[in-house]
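In: 3D model of this:
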Amino acid sequence: MSSHYVLQWLPSYIVPFVSLSYPTPPPVNPDSFHHSAYYKTGVLDGCFIITCIAVMAILRDVVRIFVLEPFARWKLTRTWERSNSNHLQQNGQKNGLINGNGHVGHANGDHKPKSVMSARDARKIHRSVLRFAEQGWSAIYYTLQWLFGFYVHRNLPTQALNPTELWSNYPHIPLAGPLKFYYLTQTAFYLHQILILNAEARRKDHVQMMTHHVLTIFLMVMSYFCNFTRIGCLIMVLMDWNDIFLPIAKMFRYIGLYTLCDITFTWFLISWFVARHVLFVIVIKSAWFDGPRLISVGWVPELGHYYSERTYDTFVYLLVALQIIQIVWFWMICRIAWRVISGQGASDDRSDDESEEEKKSR
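Out: Just a heads-up that it's a prediction; the model follows:
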């Protein structure tokens, strides 16, 4: 059964939720995606975003509950058991309770002392399991989405170091199917992130995270409907690249692999600086200077031209605001880097706050 037949069989009000809307003939001489289907944009695209949010929520819980949490619980429990066994043997040697076979014994007999995990250790393991699973989903999503985004970017005639093609031949309509799918799934992800932001333990940078997500969504929607999708695609690829490594570093930290955590965090620091404070600044500079110079047509909405001084300035100012937030984050990251250099190990200043119960237990 072909997908086209299935879409014809479905009720018309369901189709926008399970397929891309507004199909249209491809341009006569496309400069990218020569064999793809092409689409226009419209409000029905929101239906597909809703479906993506639901699918992401289900996938997140399935992967977290059935894959990531069991693995983290097994790893942390195994580490605790080994650590506790070594601790008991050391205590036994100090007290002269090692028998001839090298096992720990009691003064009353030759049985191993039974160890029971304390409530504090159980809470600590449970908290680390949850955090590991949350970061694991982020690592999986950013890796897969960056790979797909990089595929889309490679098929567009744009370059990060020479981004003038972002503005040439504006507007870049209609949209190739892969580019439209990438945009809608990315929008769905950040909307989903806003929904779960308060479901997780509150982070120290909760306000910055919320501001970042709102700015990102506004920029994505604005660039989507104003036909600035090529710069949007490039920016998302730059952002997602280093977002892969911070969750992985945190995952290593939550399961006690601190050396791997520090190595991964160092690579994250380098990739963050290059992507967000070098390449992204080049993109902002191009938006500030190249866009007004290369876009010749003004505000003609019926032809897909949405360039005006006011809308374009708003677009650029929001990119600058996004860069300011990232500068604040980079300062926090540099503080962590100093702790790594000084031998204290990496612990994220942006991580969730400790519960009051854990603070009291110290």
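In: which parts of stretch 258-275 count as buried, going by neighbours?
Out: Under the neighbour-count criterion of 16 or more other C-beta atoms under 10 Å, stretch 258-275 has 261-262, 264-266, 268-269, 271-272, 275 buried. C-beta: built from backbone N, CA, C; applies to glycine.
In: wasn't residue 287 part of a helix?
Out: Yes: when the secondary structure is assigned by DSSP: H, G, I helix; E, B strand; the rest coil, residue 287 falls within a helix.
In: okay, buried residues for the lengthiest helix in the chain please.
Out: Taking DSSP state H as the assignment, the helix of the chain that covers the most residues is helix 119-154. Under the neighbour-count criterion of 16+ other C-beta under 10 Å, helix 119-154 has 124-125, 127-143, 145-146, 148-149, 152-153 buried.
In: so what strands line up beside the helix or strand just after that helix?
Out: Counting by DSSP states H and E, the next helix or strand C-terminal to helix 119-154 is strand 175-176. Based on DSSP bridges, the pairing partners of strand 175-176 within the sheet are strand 38-39 (antiparallel).
In: quick one: name whatever helix or strand follows the partner strand.
Out: That would be, after strand 38-39 and using DSSP H and E, helix 45-63.
In: in PDB, list the C-alpha atoms belonging to stretch 265-274.
Out: C-alpha atoms of stretch 265-274 as PDB (Å, rounded to 0.1, in the frame of the first residue of the first chain):
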ATOM      1  CA  PHE A 265      33.800  18.400  28.400                       C
ATOM      2  CA  THR A 266      37.000  19.800  27.000                       C
ATOM      3  CA  TRP A 267      36.000  18.800  23.500                       C
ATOM      4  CA  PHE A 268      32.600  20.400  24.100                       C
ATOM      5  CA  LEU A 269      34.300  23.600  25.300                       C
ATOM      6  CA  ILE A 270      36.400  23.800  22.000                       C
ATOM      7  CA  SER A 271      33.400  23.000  19.800                       C
ATOM      8  CA  TRP A 272      31.200  25.500  21.600                       C
ATOM      9  CA  PHE A 273      33.700  28.300  21.100                       C
ATOM     10  CA  VAL A 274      34.200  27.600  17.400                       C
END
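In: contacts for it?
Out: 241-242, 245-246, 249, 330, 333-334, 336-337, 340, 346 (C-beta atoms under 8 Å, 6 or more residues apart in numbering).
In: what subset of those residues is buried?
Out: Buried positions within those, assessed by neighbour count (16+ other C-beta under 10 Å), are 241-242, 245-246, 249, 330, 333, 336-337, 340, 346.
In: what mean pLDDT does the strand or helix carrying residue 196 get?
Out: Taking DSSP H and E as the criterion, residue 196 maps to helix 177-197. Averaged over helix 177-197, pLDDT sits at 95.
In: contacting residues around whichever helix or strand comes after it?
Out: Where DSSP H and E defines the elements, the next helix or strand beyond helix 177-197 is helix 206-225. If you take C-beta under 8 Å, 6+ apart as the criterion, helix 206-225 is touched by 41, 45, 183, 186-187, 190-191, 193-194, 197, 203, 228-229, 231-232, 235-236, 306, 311, 314-315, 318-319, 321-322, 325, 328-329, 350.
In: where's residue 145 relative to residue 185, distance?
Out: With distances taken as C-beta to C-beta, to the nearest Å, residue 145 is found 7 Å from residue 185.
In: kindly report the same for residue 71.
Out: 26 Å.
In: of those two, which one has the most company?
Out: The residue with the greater number of neighbours, taking residue 71 and residue 185 and applying other C-beta atoms under 10 Å, is residue 185; the counts read 20 against 15.
In: that one touches residue 51, doesn't it?
Out: No: in terms of C-beta atoms under 8 Å, residue 185 does not count as a neighbour of residue 51; the distance is 10.1 Å.
In: what number of residues lie near residue 208?
Out: A count of nearby residues for residue 208, using other C-beta under 10 Å, gives 16.
In: coming back round to it: buried subset of the contacts of helix 206-225?
Out: 41, 45, 183, 186-187, 190-191, 193, 203, 228-229, 231-232, 235-236, 306, 315, 318-319, 322, 325, 329, 350.
In: now do whatever helix or strand residue 86 lives in: which elements does it pack against?
Out: Secondary structure from DSSP H and E places residue 86 in helix 69-95. For helix 69-95, the contact count by 3 or more C-beta pairs under 8 Å, 6 or more residues apart in numbering; DSSP states H and E identifies helix 119-154 as packing neighbours.
In: got the angle for the helix it packs on vs helix 177-197?
Out: For the pair helix 119-154 and helix 177-197, the angle between their directions (axes from the mean of the first three to the mean of the last three C-alpha atoms, to 10 degrees) equals 160 degrees.
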